[in-house]
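1. Give me the fold of what follows.
(2 chains)
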Amino acid sequence: MSHARLRLNVLAAAMATLFLISSVAAQTLHMAPHEKYVLKNGLTVLLLEKHGVPMINVFAIVKTGAAADPAGQSGLASVTAGLLRKGTKARTAQQFAADLDYIGGEFDAEAGADFSSVSAEFLSKDLERGFAVFSDALLHPTFPQEEVDKLLAQSVDAVRGAKDDPQQVLGLYYDGYLYGTHPYGRPAGGDEASLPRIKRDTIVKFYETNYAPGNTLLAVAGEFNGPEMRKKLEEIFGAWPARAVAPAAIAAAPAVQGKRLLLVNKDDATQTYFAMGNVGIARNDPDRVAIRVVNTIFGGRFTSELNEALRVESGYTYGASSFFDARKAPGPFGIHSFTKNETTGPAIDLALQVLQKFRKDGVTDEQLKSAKSYIKGQFPPNIETSKQLAQIIAAYEFYGLGDDEINQLEARVDAVTPEMAKAVIQKHFPAENLVFVLIGKASAISGVAEKYAEKRDAKEIAAPGFWPPEK
Amino acid sequence: MNRIRWFCAATFLVLCLGVVALPARGQEFPVATKTLKNGMKVLVQTDHSIPNVALYIFYKIGSRNEGPGTTGISHFFEHMMFNGAKKYGPGELDKVMEANGGANNAYTTRDVTVYQDWFPRSALPLIYDIEADRIQNLSFDPAKIKSEREVVASERRLRTDNDNGGLLDEQLWATSYIAHPYQWPVVGWMSDIEHWTMEQLKHHFEMGYAPNNATMVVAGDVSAEEIFALCEKYIEPIPSHPSPPPVTTVEPEQLGERRLVVRKAAQLPLVLVGYHIPQSNNPDYYALNVLRTVLFQGESSRMYQRLVDKDQIALDVSSSVEPAFDPNIVEVVAQPKQGIDPEKCEKAMYEELERAKNAVISDTELEKAKNIRLAEFYREMRTINGRANTIGTYEVFFGDYRKLFDAAKNYSAVTKEDVQRVAKTYFGANNRTVATLIPENSEGKGKP
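-> Numbers count the residues shown, from 1 in each chain, chains lettered A, B, ... in the order given. This is a model prediction of the structure:
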């Protein structure tokens, strides 16, 4: 680097400080006011009135997700959700689609690891029709055999199609290899082996067992009249028969000890996609805000340590990042990137060096200040729409978090000290215990992969399932 | 994390039908406009609901302004615009912006290069300082050019070479066009990515990055007065200079079906079909969107009902149209199930297209399409980011942001007969290019 450039950098840094001063007068974040009440049948209702855009968003959480799928039948919760619209008491799948599309509405039902969700969006003027289709799916699905067969066949092909694009499936192999037989190791959408085992009876039983008012949170946000909405919801959902549901418990998975590596062979790949990490944190972890700040610096934004090293400085990749997928029980932590076959070794080495250096050197005061400003400045667009707010109030209720998650976010972010940052780095960014997953051309990279772990496994991408292999 | 700095070629996979939107009467919102002395037009939409701002700058330069040997240089340039200017040196732009609560991204299409900043209003003066710096004083550091070349090559591997949809899309455009510059990929051919020269880069910057070749849109927690004042201070002093030379090549009429095949390792086949249609500001735009909505949008659409639900030969079927200055193509994508001959999907699609040509759509279908457009309008307009992008897209591609508010009228005017007419006009066999990906298992690799 030339002297001239160094001087320029000093100047630019001075400017940066100047502008930082002007941005200190930060705004205060507030969760929009909303109410919560429980119907006689046990259904928890969350209402948030928000005017300006004439739309209504409904987001229901059924507190049972893919983690409750029986071993060998991954995809059960997902297929159950997917079938809700495929035939109801009042509508065939075709009629449901026609009624929904006629009002320009959207409907989505899916299963994540922790919970299943059923959501809809429609214009406020279509409130009657919108709730009619939404509630028909949630309360009155009939699971016609023909639709079950169709969806299962499509789901198997969707897994095969996803495997044609390594980026889409890296996370599924990573979760499987990291968690093994723990429920978080199973692919929520199922795989080529598990899906064909799912029978209609099992689906009906899953629905009857878990889709019950006492096991459901219903959030409604958007432009509506509060008292009228309460009345409407009572009419529609008050009649949903109460049923006792045993709460789904998910045991915490222990962190993986030592190092191990899975190499998934995709013979035509010109680029290696890799992930490494270990078990991370639960959604309610007391360190969560400090981790958010620290991970922003490590791998959570464009100027993060990882992206600076692997993209900006070396040109190894288009992007490198790190994530904490915080769930009900501790979810995965990982570093993720991709690079051409020839630089697979150097890129992984560099990612590991960045990790070691981060553990050794920690964060600077300047980085800490910058990350705090970044988190606070980027947060407001996350609570801009009714769609976002309906999801947020439902998820906070599910995870036992309160409005302080937003109301206190700025204060909690500001309260993160260098000592706290240091402590969470040592605790939550593992150095010796690491799981590696690589998808790429094995004949080109297997030699490189050898040095990262003594224990190694291998799989062909076209082989059914993710990990562990079928017995 | 933000998958930063992307190009648009992969967006055909998005089910979204494009920029079409239908505002209800009385749903117009005020937009203040001003043309600076150097020719840059500025549009401001004030919204105080969150303390943030979305700022977009549309430069009218894209891969249509390139040529053999320099394909992808607009997109590469988009990356270089983050790699240092006079005041904010290499890496400083991102560091300073993030330290002040801001984030950025950019995208390049065949027609435009668009820069996006999202930030708390407290960062307003800083953002203008940064934008002014890089428009007039970009630096060309050979070391940065070298490493950024590798970054773009990695992006190409991610979105094209290792993504069947991206790969087939590239081949479809390269075959649909034989004369016009839309034929090459936005990201560029790999050999061009490896060989652009410093001179070509400098020439491209001088050609495309004139203030008079740009449109700025600001939406969010701002007043028009303060934005215009910032523009006068930071942007207006930048001198105007000639815009890129006009693209004069006109794609000749296609006189017969073109077909291409890609054979590679894959579990599922794939089919893309491209039909030539006019540029975005053509009056048929609205009828074409109604037709596409009836055929492709939602599970009640004719194509979903036929291919996915009834025949059960496809997992998904969709269509997309990018905004375009020049005569364009509508892309149709069918994802066949494993083992299904892609020609089966083609045949079913063609039969549905024939049905749309032979008889008018129903009143219910027409109503549905208009209702879907109305809902889409609100989905786009509910965020400051969506508004900035949509206002800019209408201003740049339709010549006037107010066309956004005319969309309601224009869609209301579409009749069943119009829909039938555009089906007949554009969806003929002679006007189509068909790209098919045939899976080849590992045993068969290397064979034709």
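2. Specify the residue ranges that define each domain of the chain.
-> Answering for chain A, as no chain was given. Domains of chain A are assigned by automatic domain parsing as A:35-237, A:259-460.
3. hm, I was asking about chain B
-> Split into domains by automatic domain parsing, chain B comes to B:6-235, B:258-444.
4. Would you mind giving these as TSV with mean pLDDT, distance to chain A and mean neighbour count added?
-> C-beta here means a position set from N, CA and C on the backbone, and glycine is covered the same way. Formatted as TSV, the domains of chain B follow (pLDDT from 0 to 100; distance: least, C-beta to the nearest C-beta, whole Å; neighbours: other C-beta atoms under 10 Å in any protein chain shown):
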stretch	mean pLDDT	distance to chain A	mean neighbour count
domain B:6-235	90	2	20
domain B:258-444	96	3	20
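5. quick one: which of these is nearest A:Asn278?
-> domain B:6-235 (25.6 Å; C-beta to C-beta).
6. would you list the domains of chain A in a markdown table and tack on distance to chain B?
-> Listed next are the domains of chain A as a markdown table, based on distance: least, C-beta to the nearest C-beta, whole Å:
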| stretch | distance to chain B |
| --- | --- |
| domain A:35-237 | 3 |
| domain A:259-460 | 2 |
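7. Dump the strand or helix carrying B:Lys409 to CSV, keeping only the CA atoms.
-> Following DSSP states H and E, one finds B:Lys409 within helix B:403-412. Taking Å, rounded to 0.1, in the frame of the first residue of the first chain, the C-alpha atoms of helix B:403-412 are listed here in CSV:
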residue,chain,number,x,y,z
LYS,B,403,-47.4,6.1,-15.0
LEU,B,404,-47.5,4.2,-11.7
PHE,B,405,-50.7,5.9,-10.8
ASP,B,406,-52.1,5.4,-14.3
ALA,B,407,-51.7,1.6,-14.0
ALA,B,408,-55.2,1.3,-12.4
LYS,B,409,-56.8,2.9,-15.4
ASN,B,410,-54.6,1.0,-17.9
TYR,B,411,-55.5,-2.4,-16.3
SER,B,412,-59.2,-1.5,-16.1
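8. ok, A:Val58 - how many residues close by?
-> Look at A:Val58: counted by other C-beta atoms under 10 Å in any protein chain shown, it has 25 neighbours.
9. Give me the phi and psi for it.
-> The phi and psi values for A:Val58, taken as degrees, to the nearest 10, are phi -120, psi 130.
10. helices and strands around the helix holding B:Lys409, which ones?
-> helix B:285-296, helix B:363-381, helix B:384-397 (3 or more C-beta pairs under 8 Å, 6 or more residues apart in numbering or on different chains; DSSP states H and E).
11. and the helix or strand following the shortest one, how far from the chain's centre?
-> Okay, so that is helix B:285-296. Using DSSP H and E, the next helix or strand after helix B:285-296 towards the C-terminus is helix B:302-303. Its chain's C-alpha centre and that of helix B:302-303 lie 25 Å apart, by C-alpha atoms, centre = their mean, to the nearest Å.
12. picking that back up, turn the domains of chain A into TSV, columns for mean pLDDT.
-> Shown next, in TSV, are those (pLDDT from 0 to 100):
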stretch	mean pLDDT
domain A:35-237	98
domain A:259-460	97
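13. Pipe the ones you listed into JSON lines and attach distance to B:Thr70 per row.
-> Below are those laid out as JSON lines (distance: least, C-beta to C-beta, whole Å):
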{"stretch": "domain A:35-237", "distance to B:Thr70": "28"}
{"stretch": "domain A:259-460", "distance to B:Thr70": "20"}
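14. of all those domains, which lies closest to B:Glu299?
-> domain A:35-237 (3.7 Å).
15. Any idea how far apart the tips of the closest one sit?
-> Start to finish, the residues bounding domain A:35-237 are 17 Å apart (C-alpha to C-alpha, to the nearest Å).
16. what does stretch B:279-287 give?
-> Terminal residues of stretch B:279-287 lie 13 Å apart, using C-alpha to C-alpha.
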